[in-house]
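>>> After the sequence you'll find the predicted model.
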Amino acid sequence: MDAITFTVDAQGIGLAVMDLPGKPMNLLNDDMVAPMLALVDRLEKDASLKGLVIASGKKDFMAGADVDKLWRITTAQEAFDQSMMFKRVLRRIELCGKPVVAAIHGMCLGGGLELAMACHARLVLNDGKAQLGLPEVKLGLLPGGGGTQRLPRLVGMQQALQMMGEGEPVRADKALAIGLATALVASREELLAQAQAWCVANPKPRQPWDQPKFRYPGGDGRTPAAVQLLAMGPSMASAKTYGNYPAVTHIMSSVFEGSLMDIDNAMEVESRYFAACAISPASRNMIGTLWYQLASIKKGQSRPQGVPASKVQKLGILGAGMMGAGIAYVSAVASIEVVLLDTSQEAAERGKAYSQTLLDKLVKKGRRSAEQRDAVLARITPTTDYAALAGCDLVIEAVFEDRAIKAEVTKKTEAVIPATTVFASNTSTLPITGLATASARPANFIGLHFFSPVDKMPLVEIIVGEHTSPETLARGFDYVLQIGKTPIVVNDSRGFYTSRVFATYVMEGLAMLTEGVHPRSIEQAGLQAGMPMPPLALQDEVSLSLALHVSDQTKKDLAAEGKTYASHPGEAVLRQLCEIGRVGKKAGKGFYDWTESGRTLWPGLKDLYPLAAEQPAQAELIDRLMFAQANEAARCYEEGVLRSVADANIGSIFGWGFAPFQGGALQFINAMGPAKFVARARELAAKHGPRFAPAGVVVKLAEEGKRFTD
């Protein structure tokens, strides 16, 4: 079966339907390119063919370029040549002298949108599912099929830079408003009919940029507004990315330089910048992790094989606080019936109100109807009655991090739920095996660690206890996918993986304070390293008192087990600030003073931690923050807490924001090379303590000349 089926109607208008065999979505791969070339040849040579409509036989128009093909690129020349080859095909479509229309439904992304922009018109099905965008920057790339040239010529430079720089798609109504869509269509049948009618009504179309008097919407790079935009743009981008994402500045350069020349020369400029991106370390790291490893996780590499797929119909949530309320929201949105239980009806109702607030915002933005909002809310039942949990497929406990409280709610719940129900704890640090001792069914007990805010954070860390059955793991895994989150699976331990490694980042920042490092230097180092928040501000966000509670609980537990507790130098800082009531953002004061207008570093820090006369280089601070995390991740892998390299990398990026351009905590070591990592870690250990001593697994990899692989 060919990737494109072709028919011609009585008026001579061709219909090319893309339907790539064996793939859920259309891609610009070798199987698609050959019939596309044949189609263009016919368009140019067949006089009886008066026009062409390009449509899709799948639920989406096209996902974009074939990442496998991009991944095989090894030189800048290869990248340049591939980019130019695609663009020559698109230019032939534009210059064929016949009307070509893209009939778009569903997602039209990357190379798919570049194909659509080369058509003379873009008709979009307005059914709420259409998304048009150029997301290449999320893989460290720029649009290499003419996107940086056609998009600004259609929608203006400022709008185009925003779309490409952020990589976020626009919906049908926005696409029409900005000039990306030619028209919106109400039904699938009308989409093709109107596309064919457009061809008949416009027999001799020319692209705007091929017309003599073409002007950029809002002006090109010569206009004062554009000059001002592009004068400020690189510095604004640098302030956000700290130079860690070269694709962002390459996009700006391609747009600006291309605006000063004709479309054909501009295409060559774009291909040169595309080549620079394609072979950059950032792109290689991001594609390897955020494309290949993420795909393997979502396909179920960590899910037990042979266990039938399952879906949760009714979910119980114990605790209607921030986490419980968030879990209730994402589950109800996924069409799951939710019982939201708390100790008082008022608290339970407040938990449901959280969903109402989120949904009201979506209604206001036009992304949900009032009826859809009400349907979601109707699925959430707030209660104080444990009997309401009867019939739940899954119960998630989201109460305070206290063993006694968790044990009590576990027993009360198991008294009313079926014996087959999966019971999950949302604990972020307490070992699952220990919590499962309160359960009469430890095989059904598992950890589902969500991240706050639940509606925005994409990850759920699944923790397998000593007695957790494969069936329970599979059902937990399926639920995470059901609510649209990404699951990673880890084995049980104190702090599991994400909480344990995340703590090293903030605690290293605290340790630097005790050494007299300027607080602003510490915060700047975190941002320059590529972390989404600096360490002191992040510790304020998650609460100093909570971190101290976890630390004290860990010390107590280890003492009971007869084990030695290794104190981190940052703990003294937690204790000192908590003693004076500076417990974090929730109290309005921690390392920062927090107000409605924002945050400012607390001036009193300089009195508690006087500045050292000699301040360390920023590169030293960045190394400490990054090595602390990567080395702890390697220890988790060595100890068997982590089950795969993919879980380690995706968990680090999606869980606590480990610098995405590095490709994840273990990819950081791979990219540097284990031997180089070991040498630098030993330097840091000699200077700052044994916590930096390289993990044994990295030393072994260095000795064997290997890297982390699944």
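Ah, there it is.
>>> Run through the strands of the stretch 351-500 of the chain in chain order.
380-383, 394-397, 422-425, 445-450, 459-464, 486-491 (DSSP state E, counting those that start in this stretch).
>>> which of those sits most buried?
strand 422-425 (a mean of 28; mean count of other CB atoms under 10 Å). C-beta coordinates here come from the backbone N, C-alpha and C atoms, glycine included.
>>> partners of that strand in the sheet?
Looking at strand 422-425 with DSSP bridges, its partner strands are strand 394-397 (parallel), strand 445-450 (parallel).
>>> now those strands in CSV, with mean pLDDT and distance to Ala195?
CSV is the format used below for those (pLDDT from 0 to 100; distance: least, CB to CB, whole Å):
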stretch, mean pLDDT, distance to Ala195
strand 394-397, 98, 46
strand 445-450, 98, 44
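>>> Quick check: which of those is nearest to Ala121?
For the strands paired with strand 422-425, proximity to Ala121 was assessed by CB to CB; strand 445-450 is nearest, at 44.9 Å.
>>> Can you check what angle separates that closest one from strand 486-491?
Angle, strand 445-450 to strand 486-491, by axes from the mean of the first three to the mean of the last three CA atoms, to 10 degrees: 130 degrees.
>>> which outside residues touch strand 445-450?
323, 326-327, 396, 398, 422-428, 432, 435-436, 439, 457, 460-465, 467-468, 472-473, 476, 479-480, 492, 496, 498-499 (CB atoms under 8 Å, 6 or more residues apart in numbering).
>>> same thing with stretch 23-43?
By CB under 8 Å, 6+ apart, stretch 23-43 touches 2-4, 6, 14, 16, 18-21, 49, 52, 56, 58, 60-66, 68-69, 86, 89, 92-93, 96, 98, 100, 107, 111-112, 115, 145.
>>> Could you measure from the closest residue to Leu513 other than its chain neighbours over to Ser567?
With sequence-adjacent residues excluded and distances taken as CB to CB, 6 or more residues apart in numbering, Leu513 is closest to Tyr609, at 4.7 Å. Using CB to CB, to the nearest Å, one gets 18 Å for the distance from Tyr609 to Ser567.
>>> Over to Gly140?
For Gly140, the distance to Ser567 - CB to CB - is 39 Å.
>>> These two - which one has more neighbours?
More crowded of Gly140 and Ser567, by other CB atoms under 10 Å: Gly140, with 26 against 10.
>>> That one and Trp291 touch, don't they?
No - using CB atoms under 8 Å as the test, Gly140 is too far from Trp291 to be in contact (10.4 Å).
>>> follow-up on the earlier one: how deep is the residue nearest to Leu513 tucked in, by neighbour count?
Count around Tyr609 with other CB under 10 Å applied: 19.
>>> right, and it touches Thr514 too?
Yes - here Tyr609 reaches Thr514: they are 6.3 Å apart, a contact under CB under 8 Å.
>>> Please identify every residue contacting each of these two.
Contacts common to Tyr609 and Thr514, judged by CB under 8 Å, 6+ apart, are Val573.
>>> Quick check: phi and psi at the nearest residue to Ile405 once chain neighbours are set aside.
Leaving aside its sequence neighbours, Ile405 sits nearest to Val399 (CB to CB, 6+ apart; 5.3 Å). When read as degrees, to the nearest 10, the backbone of Val399 gives phi -100, psi -180.
>>> element containing Arg635?
Using DSSP states H and E, Arg635 sits within helix 618-638.
>>> between the helix or strand following that helix and strand 445-450, what angle do the directions make?
The helix or strand immediately downstream of helix 618-638 is helix 645-656, counting by DSSP H and E. Relative orientation of helix 645-656 versus strand 445-450 (the same axes, to 10 degrees): 50 degrees.
>>> packing partners for helix 645-656?
With contacts defined as 3 or more CB pairs under 8 Å, 6 or more residues apart in numbering; DSSP states H and E, the packing partners of helix 645-656 are helix 294-298, strand 459-464, strand 486-491, helix 498-514, helix 618-638, helix 665-672.
>>> for these, which one sits closest to Pro281?
helix 665-672 (6.3 Å).
>>> does Met18 really touch Met62, like I thought?
Yes - contact criterion CB under 8 Å: Met18 and Met62 qualify, at 6.7 Å.
>>> Run through the helices of the stretch 151-300 of the chain in chain order.
All helices of the stretch 151-300 of the chain, identified by DSSP state H, counting those that start in this stretch, fall at 157-166, 172-178, 188-201, 224-241, 246-258, 263-278, 281-287, 294-298.
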